[in-house]
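In: No sequence on hand, only this structure:
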């Protein structure tokens with residue numbers, strides 16, 4: 001069985017507890033980590049800061065240090081833990097990256113592991129269990145109550161929606177009607193927190209004080225990667241890893257939105 005030590009990323013970038021938040025924000029933008037381990041002078045884990053929390057701090061509070069907002073009781077993994085144990089942690093906490101420490105006594109940060117690292121390990125396992133669980137149908141594990149946005153929604157509306165729900169990416173839909181007048185939401189794109197940050201819209205949203213902002217249409221990614229409800233969780237996992245994404249809109253044969261499946265949903269199926 002695959003262990004954390006075999007799949008983790010070694011020597012991850014860390015922040016010091018006395019570093020300025022502006023430095024931590026630069027690390028998040030450069031390396032696209034979801035969490036940054038925070039260490040003391042001896043390399044011991046003392047907390048983590050999340051991308052979500054860092055990005056909520058405006059430049060007017062640039063003198064704050066990492067210590068001011070870090071989580072001092074972080075979830076972590078140990079190098080000897082197996083993929084099933086770690087997958088359950090990802091599912092239970094909803095956190096998609098953990099620091100890996102050498103032991104609970106020393107707490108030296110030796111790596112970082114993501115939910116996608118774990119998913120990739122499951123796909124590579126040939127123990128008879130993971131392949132069988134990978135045949136479960138998407139329709140059985142997808143979420144049908146989907147939070148979405150539309151192309152003309154302003155980013156000033158979409159960003160708080162993401163922050164308040166903890167959802168980092170939303171399907172973009174276009175409402176249409178069939179011949180009988182029944183409405184459906186066709187998936188025409190995806191938008192994520194990173195898309196907003198990358199286009200510089202986040203800074204304007206947080207610091208300009210303007211009442212209007214750019215719309216989803218201007219920065220969304222068109223031609224979104226989707227999956228049909230009758231496909232397998234194994235196929236969903238392969239799509240996520242191939243395209244480096246953590247969620248897939250589930251669509252019918254006319255591209256109408258019927259659900260969404262996340263990396264946690266797939267890990268839950270694999271880990272049992």
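Out: Alright, I've got the coordinates. Just so it is clear, the structure is predicted and the values come from calculations on it, not from any experiment.

In: Quick one: neighbours of the residue nearest to residue 152 when sequence neighbours are not counted, just the number.
Out: Spatial nearest neighbour of residue 152, excluding adjacent residues (C-beta to C-beta, 6 or more residues apart in numbering): residue 215 at 5.5 Å. The way it works is simple: take the backbone N, C-alpha and C, and place the C-beta from them, glycine included. Counted with other C-beta atoms under 10 Å, the neighbours of residue 215 add up to 19.

In: And for residue 124?
Out: Per other C-beta under 10 Å, the neighbour tally for residue 124 reads 11.

In: Equivalent analysis for residue 116, please.
Out: 20.

In: got it, and the one 4 residues further on?
Out: Neighbourhood size, residue 120 [other C-beta under 10 Å]: 17.

In: Please give me every residue in contact with it.
Out: Residues in contact with residue 120 (C-beta atoms under 8 Å, 6 or more residues apart in numbering) are 7, 241.

In: Try it again at 10 Å.
Out: 2, 7, 83, 114, 237-238, 240-241 (C-beta atoms under 10 Å, 6 or more residues apart in numbering).

In: Show only the entries of the residues you listed found in strands.
Out: residue 114 (DSSP state E).

In: Buried ones from the contacts of residue 120, can you make that a PyMOL selection?
Out: With 16 or more other C-beta atoms under 10 Å as the burial test, the buried ones among the contacts of residue 120 are selected in PyMOL as follows:
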select buried, resi 2+7+83+114+237+238+240
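
In: quick one, strands of the stretch 51-200 of the chain?
Out: Ranges of strands in the stretch 51-200 of the chain, per DSSP state E, counting those that start in this stretch, are 97-101, 109-114, 149-150, 169-177, 183-192.

In: where does the stretch 51-200 of the chain dip in pLDDT?
Out: Residues of the stretch 51-200 of the chain meeting the criterion pLDDT under 70: 55, 57-62, 125-133, 200.

In: Going along the chain, name the helices of it.
Out: With DSSP state H, counting those that start in this stretch, the ranges of helices along the stretch 51-200 of the chain come out as 51-54, 83-93, 115-124, 129-133, 138-141, 155-165, 193-198.

In: For residue 108, find the nearest of those.
Out: helix 83-93 (18.5 Å; C-beta to C-beta).

In: packing partners for that closest one?
Out: Packing partners of helix 83-93 (3 or more C-beta pairs under 10 Å, 6 or more residues apart in numbering; DSSP states H and E): helix 4-7, strand 97-101, strand 109-114, helix 115-124, helix 129-133, helix 263-271.

In: Right, I'll call it a day here.
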